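> next one to model:
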Amino acid sequence: MTSLQSFIQSQIKKELPDIRPGDVIRIHQKAKSAKGEDTLSVFEGQVIARKHGKEPGATITVRKEISGVGVEKIYPLYSPVIEKIEIVSRGKVRRAKLYYLREARGKNKKLKRGIISGSPEKSKTAAEPPKIEEK
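I've put the predicted structure just below:
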């Protein structure tokens, strides 16, 4: 293994969640404040594209509407600036690239949502009705 390959392997994070197009994710990114202090900046939006698979140059495109204006950010997945990535909800989609959401308005912009397995707010025990004994 060459020194370049060993460097690339050291940069790859192992604990990335399974991010797919249609997911709503929250990205925690390190940022420098005006005073030079490290702060965390959070960007929550919908993943409209994932490129380059699991290689070191893999990126995701995240889109969010702010005051009626669409904002898109492209994040390198293995960047040391990204502190953590949380999946808020899953979207049920049939395409790999959701660029049509840029032009969609109203109901056409809405995707079907799925439940994330293992999420604490959607547990089975809380959804079960109480058992009634019959005499």
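> so for the longest strand anywhere in the chain, what gets flagged as buried?
Ordering each strand of the chain by length in residues (DSSP state E) puts strand 38-51 first. For strand 38-51, burial by neighbour count (16 or more other Cβ atoms under 10 Å) applies to 45-50. Where C-beta positions appear, they are placed from N, C-alpha and C, glycine not excepted.
> which one of those is nearest to Ser3?
Arg50 (28.9 Å; Cβ to Cβ).
> so what's the closest residue to the closest one other than its chain neighbours up against?
Counting by Cβ to Cβ, 6 or more residues apart in numbering, Arg50 lies nearest to Ile60, which is 5.0 Å off, once chain neighbours are set aside. Listed by Cβ atoms under 8 Å, 6 or more residues apart in numbering, the contact set of Ile60 reads 19, 25, 47, 49-51, 74-75, 77.
> circling back to that earlier point, tell me the angle the helix or strand just after the longest strand of the chain makes with strand 38-51.
From strand 38-51 onward toward the C-terminus, using DSSP states H and E, the following helix or strand is strand 59-66. Per axes from the mean of the first three to the mean of the last three Cα atoms, to 10 degrees, the angle that strand 59-66 makes with strand 38-51 is 110 degrees.
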